[in-house]
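K.L.:
Sharing a model that was predicted from the sequence below.
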Amino acid sequence: MPRTSVKRGLEAACVAAAIVLLATGAAGCGSSKRKPSGTGSATPATSSPGSTAATPGSQQATPARGGPGTPKQVAVMTSRFGDALNAPGGHALYVFSRDAPGQGSTCYGACSKRFHPFIVKQTPQARDAVKQALLGTAQRRNGRLQATYAGRPLYFYYDEVDPGEVLAQGVTEFGGTWWVVAPSGQPLQQR
C-alpha cells in the first residue's frame, strides 16, 4: 500500500475519533484552576443527623439556603493532613501563623487577595465535630466580620475551586505559614 494511502487512513481515523469524543462530551471541555502541587485533596466527612451528608467520592453537600439571618456553617472534612474545618461548598479553611488568637487579622492587601477572609454576617453554625463554643467573629478594618475558630481568623485559599482541595497547607507567604485547622482548634502543622 502506498504511503499516501496509509497517511490518509490515519488522518481519517483521527478525525473520526475526534468526532466521537466531541459527540460524547469527553473532549475535556471543563476546566479547573487546580495546580499540581502534591498537597492533595480531601473527602468531606459525613454530617450530623438531619443534615445533608456527603459520601466518599461525592461532593460536599451545600447547606440549605435560608434567609439573610441564616448563619453560614462550618463542618469537618477528612484530608490527607487529618480532619480539617471546611465551609459551605466544601472549601478548606486556613489559619495564618501571624494572626495571634483573639487579635484579629493581619492579612490585608495582596495577602487578602490570595487568602480570602471568611466573611460572615454573624457567628457561623457548627456541624459535625466542629465545636460551637470555638466559633466566633473578629471585625476587619473595613467593619466586616470575619469568622474565627479558637480566636484565630479563618481564610480560604483563592486557587481552590473544587470541594475538598487543600493546596496551601504549609505554604509560607506574607510573613507567615498557612495551615488547615483541626476541630480541636489547633492548626494541623504537617506538610
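P.N.:
That came in fine, so what should we check first?

K.L.:
Which parts of this protein belong to which domain?
P.N.:
1-28, 43-54+71-180 (automatic domain parsing).

K.L.:
mind listing the helices for this structure?
P.N.:
3-24, 110-114 (DSSP state H).

K.L.:
Show the average pLDDT along the longest one.
P.N.:
Mean pLDDT, computed over helix 3-24, is 44.

K.L.:
same question, the last one
P.N.:
In this model, helix 110-114 has an average pLDDT of 98.

K.L.:
For it, C-alpha coordinates in CSV please.
P.N.:
Written as CSV, here are the backbone C-alpha positions of helix 110-114 (Å, rounded to 0.1, in the frame of the first residue of the first chain):
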residue,chain,number,x,y,z
ALA,A,110,-2.1,41.4,48.4
CYS,A,111,-2.4,38.9,51.2
SER,A,112,-6.2,39.0,51.3
LYS,A,113,-6.4,38.6,47.6
ARG,A,114,-4.7,35.2,47.8
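
K.L.:
Next, the buried residues of that helix.
P.N.:
111, 112, 114 (16 or more other CB atoms under 10 Å). Yep, even glycine has a C-beta here, placed from its N, CA and C like the rest.

K.L.:
Also stretch 107-123?
P.N.:
107, 111, 112, 114, 115, 116, 117, 118, 120, 123.

K.L.:
same thing with stretch 85-101?
P.N.:
In stretch 85-101, counting by 16+ other CB under 10 Å, buried: 85, 86, 87, 88, 90, 91, 92, 93, 94, 95, 96, 99.

K.L.:
Go through the domains of the chain and find the least confident stretch.
P.N.:
Ranked by mean pLDDT, the domains of the chain bottom out at domain 1-28, which scores a mean of 44.

K.L.:
Can you say which of the domains of the chain is packed in most?
P.N.:
The highest average neighbour count among the domains of the chain, using mean count of other CB atoms under 10 Å, belongs to domain 43-54+71-180 at a mean of 18.

K.L.:
do you know how far residue 124 is from residue 159?
P.N.:
23 Å (CB to CB, to the nearest Å).

K.L.:
Which parts of the chain are strands?
P.N.:
Along the chain, counting by DSSP state E, strands occupy 43-44, 73-79, 82-87, 91-92, 94-96, 115-117, 119-120, 125-126, 135-139, 145-149, 152-153, 155-157, 171-173, 176-180.

K.L.:
Could you tell me the end-to-end distance of stretch 182-191?
P.N.:
14 Å (CA to CA, to the nearest Å).

K.L.:
Mind checking the pLDDT average for it?
P.N.:
What stretch 182-191 shows for mean pLDDT is 92.

K.L.:
Quick one: residues in contact with that stretch.
P.N.:
39, 76, 79, 81-85, 95, 97, 128-131, 134, 149-150, 152, 169-170, 177, 179-181 (CB atoms under 8 Å, 6 or more residues apart in numbering).
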